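Colleague: Kindly return the folded structure for what I paste below:
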Amino acid sequence: MRLILVCLATLLLANVALAQKQKPWTEWTKKDIEKTLNDSAWGQTQTEGSESSSSDSSGAITQVAAPRAADRQLSRTGETGEAKPSTVVKYHVRFLSAKPVRAAFARMVMLSKQQPDDALAGQLQAFIDRDFADYIVVSVGIEVADQKMAPPLMRAFTNAAVEELKKTVYLERKDGKKLFLMDYRAPVEDGMGAKFVFPRTFEGQPFLSEDDTVRFVAQLNDKMKLNTRYKLSDMLYEGKLEY
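Modeller: The predicted model follows:
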């Protein structure tokens, strides 16, 4: 009897997960959007830096931990006792050429409108359905807690030269083969970040297949290096491999 209950519970969870995957993008919640863009098969987040001391909870400090916590507090504060600002930078690295990522951005636009109309929905659907048969596009956005950090980070993207990036930006398969950058688009006012464009084929064949893993590697300067990994067998959307 217990085995039957476990099997039923497993089946129920599988059905719930399947239903979530099949939910139309027009019904996605903000949580669905964030999950797809920042923590999914198609979108990952690389975090650099450290939090400010304001994130520490003094009420949770035990007597054993107190001296160490005090040391951390001193190291993070100046003579004024004010906490140093957070240096955390989150790089959101997404396969923009994958439908679910475009669907997440489309849903974000729709939710930002008080009364979205059919015309807007049609335009967004066309954006989602756009043909990327010849290209792989990876977008990179940044998120910072301290807005003073944003301008120099953005300059690294806006001032990047395509010819230089072609030497340091690539997709790498599990067999070590690398596909180097073909084109680059600096960030514009579309909320999707910088766009790195690669050819979809390599030596006459698709560069990626469902049994591959792939890394996106990009070095924009001495301090900024992105390295995120994806498993293509997880990148199925509406029954199709999407990347």
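Colleague: how about the helix or strand containing D32: buried residues?
Modeller: Assigned by DSSP states H and E, D32 falls within helix 30-38. For helix 30-38, a neighbour-count test (16 or more other Cβ atoms under 10 Å) marks D32, I33, E34, T36, L37, N38 as buried. Using the backbone N, CA and C atoms, a C-beta is placed for each residue, glycine as well.
Colleague: Leaving out chain neighbours, which residue sits closest to the fifth one?
Modeller: Counting by Cβ to Cβ, 6 or more residues apart in numbering, L37 lies nearest to G43, which is 4.6 Å off, once chain neighbours are set aside.
Colleague: wait, isn't the one you found in contact with T36?
Modeller: Yes. Assessed by Cβ atoms under 8 Å, G43 is found in contact with T36 at 6.1 Å.
Colleague: which strand of this protein spans the most residues?
Modeller: strand 135-144 (DSSP state E).
Colleague: what mean pLDDT does it have?
Modeller: In this model, strand 135-144 has a mean pLDDT of 97.
Colleague: That strand packs against which elements?
Modeller: Strand 135-144 sits against strand 89-95, helix 150-158, strand 194-199, with contacts defined as 3 or more Cβ pairs under 8 Å, 6 or more residues apart in numbering; DSSP states H and E.
Colleague: what's the first-to-last distance across stretch 38-48?
Modeller: 15 Å (Cα to Cα, to the nearest Å).
Colleague: Please compute how far stretch 162-173 lies from its chain's middle.
Modeller: From the chain centre to the centre of stretch 162-173 is a distance of 19 Å (Cα atoms, centre = their mean, to the nearest Å).
Colleague: Do me a favour and get the end-to-end distance for it?
Modeller: 22 Å.
Colleague: Please enumerate residues in contact with it?
Modeller: 136, 138, 178-184, 196, 198, 207-208, 212-220 (Cβ atoms under 8 Å, 6 or more residues apart in numbering).
Colleague: Pull out the buried members of those residues.
Modeller: 136, 138, 179, 181-182, 184, 196, 198, 207-208, 212, 214, 216, 218-220.
Colleague: partners of Q205 in the sheet?
Modeller: Per DSSP bridges, the residues bridged to Q205 are F202.
Colleague: Please determine how far it is located from S233.
Modeller: 18 Å (Cβ to Cβ, to the nearest Å).
Colleague: quick one, which of those two is more surrounded?
Modeller: The neighbour comparison of Q205 against S233 (other Cβ atoms under 10 Å) goes to S233, with 12 against 9.
Colleague: who touches the more buried one in this structure?
Modeller: Contacts of S233 by Cβ under 8 Å, 6+ apart are E210, D211.
Colleague: Just to be sure, it is in a helix?
Modeller: Yes. Under DSSP: H, G, I helix; E, B strand; the rest coil, S233 falls within a helix.
Colleague: Neighbours of A145, how many?
Modeller: Neighbour count of A145, defined by other Cβ under 10 Å: 16.
Colleague: Quick one: the helices in the chain, in order.
Modeller: If DSSP state H is used as the criterion, the helices of the chain fall at 2-22, 30-38, 66-76, 99-112, 118-128, 150-158, 162-168.
Colleague: Those helices: lowest mean pLDDT?
Modeller: When I compare the helices of the chain, helix 66-76 is least confident, with a mean of 39.
Colleague: C-alpha coordinates for the longest strand of the chain, PDB please?
Modeller: Written as PDB, here are the backbone C-alpha positions of strand 135-144 (Å, rounded to 0.1, in the frame of the first residue of the first chain):
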ATOM      1  CA  TYR A 135      22.200  31.900 -35.500                       C
ATOM      2  CA  ILE A 136      22.700  31.300 -31.800                       C
ATOM      3  CA  VAL A 137      22.200  34.400 -29.700                       C
ATOM      4  CA  VAL A 138      23.300  34.700 -26.100                       C
ATOM      5  CA  SER A 139      22.300  37.800 -24.200                       C
ATOM      6  CA  VAL A 140      24.000  39.100 -21.000                       C
ATOM      7  CA  GLY A 141      22.300  41.500 -18.600                       C
ATOM      8  CA  ILE A 142      23.700  42.900 -15.300                       C
ATOM      9  CA  GLU A 143      22.100  43.400 -11.900                       C
ATOM     10  CA  VAL A 144      23.700  45.300  -9.100                       C
END
